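# the sequence and its predicted three-dimensional model are supplied below.
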Amino acid sequence: MEIENVVAHTSAPKEFDRAKNRIRAGSGVQPIPIADNCEGPTGIVVAATRAPQIALMDSPELQEQLVANSKTAFESLKVLPSRPALPWQLGVASVKGNVRSQNEDMGVAFSIGDCDVLIVADGCGGIPHGREAAYLAAASAGIRLIQMLGTPPPEGFLDVEDAIRSAIWSAHHQLALQADDFGIACGDINGGLRTTLIIAVGRRDKLHYGYVGDGGGWLARSNGKVERFLTPQKSAAVLNVLEASLGPLMAGNPVIGTLEREPGDLALIGSDGVFDRIPDREIEVFGKDVLRACIHCDGELQKVAVQVCEQYAELQDAAGYICDDNLTLGLLGTRTKPVLGPRFWDELPIVSKACPAVEKG
């Protein structure tokens, strides 16, 4: 595929191109050739005819790559990442659904030391290269989190919020570096290569989180309460318009925070394809239903995440499929089976119905 529009291209010195290649290599992207005489004039207007060479992966493949490659790519790591293996630890699933032609969501889960990490990215539709943006953001954020969480500071205090903040900016930086290959001007907010990004890190009695854009983030507590920690950054006046997203130019500002959590609490994060179909008045029932399913599956959070996404993708009403977007759901536990409080089942949970799709203008 050739990009036919004409874009402003700025030549970079060899050192900058080498830095870009290091980031490309860490993200599974093919490096670009560097000529000895690459220090050409700047500000030349050229046709962008070279297609981006990115080896896109689905969510499970990216997750495997992040875990496997870190053992050789980062020699300074004191702690290596691993695949989720414990009950009540982690699970993430991402499905295309029955409406969209491709899956522009990415979901990644891994553990590193006593930290359990969930990353969800949802490429922006309606503009080019949403899938590539979600992949690059999830990969870059994952690499940065592995670097920071795997090399604790000498004084022993691990600032997880700072690691999440750095991961978000690393994802933005990668998209800015990659924009030239896609023929996108860094100042063009509507040019494409944009995505939302949600990061959640569970560590001991804390749930740390950071996000840019929309989606869902809820904590289903074992005492029966279901609390929101992600407020979608959407326009209140215009339907389906984000007030914040990542891209070559960042729109809006990241939100970073920390919640106290108790043993058995379950965090649910995901794309708007899941959470936009659950009314706020039903989210408590949904959270309890998911927690009940996890208990029924003996804490196999991956199994539950897959079941929820697949079941929601098949929901239909008279107009067709209710969930008209990609669906991604991540579950993050405390590695401990919940001991439910006496009031947990005061309201008998039922299978939550997704709300009908909103007519899009």
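In hand now; what should we look at?

# which non-adjacent residue is nearest Met250?
The shortest distance from Met250 to any non-neighbouring residue, by CB to CB, 6 or more residues apart in numbering, is to His172 (5.1 Å). Placement of C-beta: from N, CA and C, glycine included.

# pLDDT weak spots in the stretch 51-200 of the chain?
Low-confidence segments of the stretch 51-200 of the chain (pLDDT under 70): 51-54.

# residue boundaries of the helices in it?
59-73, 130-149, 160-178 (DSSP state H, counting those that start in this stretch).

# how close does the most centrally placed residue in the chain sit to Gly217?
Of all residues in the chain, the one closest to the mean position by CA atoms, centre = their mean is Val120, 1.9 Å from it. Applying CB to CB, to the nearest Å, the value for Val120 to Gly217 is 9 Å.

# identify the contacts common to those two.
198, 269 (CB atoms under 8 Å, 6 or more residues apart in numbering).

# can you confirm Gly330 is in a helix?
No. Counting by DSSP: H, G, I helix; E, B strand; the rest coil, Gly330 falls outside a helix, being strand.

# wait, it sits on Val120?
Yes. If you go by CB atoms under 8 Å, Gly330 and Val120 touch, sitting 5.6 Å apart.

# now the common contact residues for these two.
With CB under 8 Å, 6+ apart, Gly330 and Val120 have common neighbours 92, 107, 269-270.

# nearest to Ser235, of those residues?
Gly270 (20.6 Å; CB to CB).

# list the contacts of that closest one.
Shown in contact with Gly270 (CB under 8 Å, 6+ apart): 107, 120, 198, 215-216, 327-330.

# with adjacent residues omitted, what lies nearest to it?
Leu329 (4.1 Å).

# likewise for Cys294?
Val304 (5.1 Å).

# which residue ranges of the stretch 251-361 of the chain form strands?
Assigned strands in the stretch 251-361 of the chain, in chain order: 255-260, 266-270, 316-317, 320-321, 327-332 (criterion: DSSP state E, counting those that start in this stretch).

# deepest of those, which one?
Across the strands of the stretch 251-361 of the chain, averaging neighbours per residue (mean count of other CB atoms under 10 Å) puts strand 327-332 on top, at a mean of 29.

# need the residues that contact it.
If you take CB under 8 Å, 6+ apart as the criterion, strand 327-332 is touched by 59, 89-95, 97, 105-107, 109, 116, 118-120, 122, 200, 202, 207, 266-271, 273-274, 290, 294, 301, 304-305, 308-309, 312-313.

# now, which of the shared contacts of Gly330 and Val120 sits nearest Pro248?
Ranked by distance to Pro248 (CB to CB), the shared contacts of Gly330 and Val120 are led by Gly107 at 23.2 Å.
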